[in-house]
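Undergrad: Kindly return the folded structure for what I paste below:
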Amino acid sequence: HISEKNNRPELAFDCLTSAAGKNAAAVLVANQPDGMPWLKIE
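TA: Okay, here's the model as predicted:
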């Protein structure tokens, strides 16, 4: 959860993709107004 008022989503995304390494493509970010489409998990 990223607070809309107290955090910067771009910093959280950078941190997550850095930690994910070669799996960085699996990191998805959604915001509250737009959400994200359904994901197919196989």
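Undergrad: Surely Ile2 is in contact with Phe13?
TA: No: Ile2 lies out of contact with Phe13 (Cβ atoms under 8 Å); the separation is 9.2 Å. No exception for glycine: its C-beta is placed from N, CA and C like everyone else's.
Undergrad: so which helix or strand takes in the most centrally placed residue in the chain?
TA: The residue lying closest to the centre of the chain (Cα atoms, centre = their mean) is Val29, at 2.6 Å. Using DSSP states H and E, Val29 is not contained in any helix or strand.
Undergrad: Now it: closest residue in space that isn't a chain neighbour?
TA: Phe13 (5.3 Å; Cβ to Cβ, 6 or more residues apart in numbering).
Undergrad: What is the neighbour count of the one you found?
TA: The number of residues packed near Phe13 is 15, by other Cβ atoms under 10 Å.
Undergrad: from the middle of its chain, how far away would the helix or strand harbouring Leu11 be?
TA: Counting by DSSP H and E, the element that carries Leu11 is helix 9-20. On the basis of Cα atoms, centre = their mean, to the nearest Å, helix 9-20 sits 7 Å off its chain's mean C-alpha point.
Undergrad: I'd like the mean pLDDT over it, please.
TA: The average pLDDT within helix 9-20 is 85.
Undergrad: For that helix, list the C-alpha coordinates in PDB.
TA: Below are the C-alpha coordinates for helix 9-20, written out as PDB (Å, rounded to 0.1, in the frame of the first residue of the first chain):
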ATOM      1  CA  PRO A   9       5.000   5.900  -6.100                       C
ATOM      2  CA  GLU A  10       8.000   6.300  -8.400                       C
ATOM      3  CA  LEU A  11      10.400   5.700  -5.400                       C
ATOM      4  CA  ALA A  12       8.600   2.600  -4.300                       C
ATOM      5  CA  PHE A  13       8.600   1.300  -7.900                       C
ATOM      6  CA  ASP A  14      12.400   2.000  -8.300                       C
ATOM      7  CA  CYS A  15      13.000   0.100  -5.000                       C
ATOM      8  CA  LEU A  16      10.900  -2.900  -6.000                       C
ATOM      9  CA  THR A  17      12.400  -3.200  -9.400                       C
ATOM     10  CA  SER A  18      15.900  -2.900  -8.000                       C
ATOM     11  CA  ALA A  19      15.200  -5.700  -5.500                       C
ATOM     12  CA  ALA A  20      13.400  -7.900  -8.100                       C
END
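Undergrad: Great, nothing more from me.
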